[in-house]
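Novice: curious how this folds, go ahead:
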Amino acid sequence: MSATMRDIAERAGVSLITVSRALNDKPDVSKETRARILAIARELNYAPNVLARALVSGDSRTLGLIVADSANP
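Specialist: Numbers count the residues shown, from 1 in each chain. Predicted structure coming up:
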């Protein structure tokens, strides 16, 4: 199971919102806190949840293709 933002927050001793803001490069997180959060994220091999990000942004980056007859392209 991959690491979550909650795992990072617990290890860094900060809130989930602070982790989110640091990972999304928002300006209201101190340089020291951002560096600590990013280091922990690397250490835990954190990768954003693509499905959750698609729900938030409304953009799934999925392309649909309809083929009338798959036997005769």
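Novice: do you have the helices of the protein handy? List them.
Specialist: 5-12, 16-23, 31-43, 50-57 (DSSP state H).
Novice: residue 67 is nearest to which of those?
Specialist: helix 50-57 (24.2 Å; C-beta to C-beta). C-beta: built from backbone N, CA, C; applies to glycine.
Novice: relative to helix 5-12, how tilted is the closest one?
Specialist: In terms of direction (axes from the mean of the first three to the mean of the last three C-alpha atoms, to 10 degrees), helix 50-57 departs from helix 5-12 by 100 degrees.
Novice: which parts of helix 50-57 are buried?
Specialist: Judged by neighbour count (16 or more other C-beta atoms under 10 Å), helix 50-57 contains no buried residues.
Novice: gap between that helix and the chain center?
Specialist: 9 Å (C-alpha atoms, centre = their mean, to the nearest Å).
Novice: could the helices of the chain be laid out in TSV, adding mean pLDDT?
Specialist: What follows is the helices of the chain, written out as TSV (pLDDT from 0 to 100):
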stretch	mean pLDDT
helix 5-12	96
helix 16-23	95
helix 31-43	96
helix 50-57	82
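Novice: do you know which of these lies nearest residue 69?
Specialist: Among those, the nearest to residue 69 by C-beta to C-beta is helix 50-57 (30.7 Å).
Novice: follow-up on the earlier one: now the helices of the chain in a markdown table, with distance to residue 68?
Specialist: Listed next are those as a markdown table, based on distance: least, C-beta to C-beta, whole Å:
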| stretch | distance to residue 68 |
| --- | --- |
| helix 5-12 | 44 |
| helix 16-23 | 44 |
| helix 31-43 | 46 |
| helix 50-57 | 28 |
